[in-house]
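1. no sequence on this one, just coordinates:
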């Protein structure tokens, strides 16, 4: 069973409380069908409340969370996942990531626990986040379940072509976080030029550029209805080859979330 993710999902880091739940519900009502949270964000209950508040069928939504590094020891994986499910108000989470291969992460032991969670119906799909190629190869070799997704920073200032190629070659989805480079896309002349050409925003161009890459989807964070609408619509922006080449040629690299 493969995991089919929409081009644009909702990143929820920083969304909390009633305002956060309202933003999640609004996103779902607007058409979002992929919600991304994590144990370390401290807002799984908020995401669950937003999902419950919306009128969208639970089965239509992919809910993803991530196991933080202090809960990756094999003995901690199941209880931490059960706690996440309780916070989310769900019986099953659609996608569970290893947040980073650090802390208590023991490849063989940790991933065996992920497989057991899939076998027992608590998790539908297994993902990893912030992995390098060798770590990805190791995870694929160790897992019984197919690797469904790899979440990594990806934007016009940080492309990681080797990771995207690995995803395409192995048939899993690359989930791009921080597609707007923390707002820095507004300062990139090539992105701004393409935006002016299409009478749109640099943010929309960046999202369109990201989602135009084979095998890549993205999860920008937004809370206002206007930004939620704009991010969702950006995937439909049609960039031509010249536009893409102009952004591809940006000769500058900036990683926002290094190890």
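-> Yes, it's here. Note that the coordinates shown come from a computational prediction; the quantities given were computed from them, not determined experimentally.

2. Contact partners for residue 29?
-> 54-56 (Cβ atoms under 8 Å, 6 or more residues apart in numbering). The C-beta positions use only the backbone N, C-alpha and C, and glycine is treated the same way.

3. got the phi/psi numbers for it?
-> phi -70, psi -30 (degrees, to the nearest 10).

4. rewinding a little: list just the nearest of the contacts of residue 29 to residue 34.
-> Using Cβ to Cβ, residue 56 comes nearest to residue 34 of the contacts of residue 29, at 11.7 Å.

5. any idea how far the residue lying farthest from the centre of the chain is from residue 207?
-> Ranked by distance from the centre of the chain (Cα atoms, centre = their mean), the top residue is residue 197, with 28.8 Å. Distance of residue 197 to residue 207, computed by Cβ to Cβ, to the nearest Å: 16 Å.

6. before we move on, what about residue 121?
-> 34 Å.

7. Would you mind telling me which of those two has more residues around it?
-> residue 207 (27 against 9; other Cβ atoms under 10 Å).

8. can you pull the pLDDT of residue 80?
-> As predicted, residue 80 sits at a pLDDT of 98.

9. quick one: the strands in this protein?
-> Remark: strands assigned in the chain by DSSP state E are 10-11, 34-36, 62-67, 93-98, 123-129, 147-153, 173-177, 216-218.

10. Point out the one among those strands that comes closest to residue 203.
-> Going by Cβ to Cβ, the one of the strands of the chain nearest residue 203 is strand 216-218, 11.4 Å.

11. And that closest one, what does it pack against?
-> strand 173-177, helix 202-211 (3 or more Cβ pairs under 8 Å, 6 or more residues apart in numbering; DSSP states H and E).

12. Make JSON lines out of the strands of the chain and add distance to residue 191 and mean neighbour count.
-> As requested, these are arranged in JSON lines below (distance: least, Cβ to Cβ, whole Å; neighbours: other Cβ atoms under 10 Å):
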{"stretch": "strand 10-11", "distance to residue 191": "20", "mean neighbour count": "26"}
{"stretch": "strand 34-36", "distance to residue 191": "24", "mean neighbour count": "25"}
{"stretch": "strand 62-67", "distance to residue 191": "28", "mean neighbour count": "26"}
{"stretch": "strand 93-98", "distance to residue 191": "29", "mean neighbour count": "24"}
{"stretch": "strand 123-129", "distance to residue 191": "25", "mean neighbour count": "24"}
{"stretch": "strand 147-153", "distance to residue 191": "17", "mean neighbour count": "24"}
{"stretch": "strand 173-177", "distance to residue 191": "15", "mean neighbour count": "23"}
{"stretch": "strand 216-218", "distance to residue 191": "15", "mean neighbour count": "25"}
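
13. Just send those strands back as a markdown table, with mean pLDDT too.
-> Below are those laid out as a markdown table (pLDDT from 0 to 100):
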| stretch | mean pLDDT |
| --- | --- |
| strand 10-11 | 98 |
| strand 34-36 | 98 |
| strand 62-67 | 98 |
| strand 93-98 | 98 |
| strand 123-129 | 98 |
| strand 147-153 | 98 |
| strand 173-177 | 98 |
| strand 216-218 | 98 |
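
14. As a markdown table, those with distance to residue 203 would be great.
-> Below are the strands of the chain laid out as a markdown table (distance: least, Cβ to Cβ, whole Å):
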| stretch | distance to residue 203 |
| --- | --- |
| strand 10-11 | 13 |
| strand 34-36 | 18 |
| strand 62-67 | 22 |
| strand 93-98 | 25 |
| strand 123-129 | 23 |
| strand 147-153 | 16 |
| strand 173-177 | 14 |
| strand 216-218 | 11 |
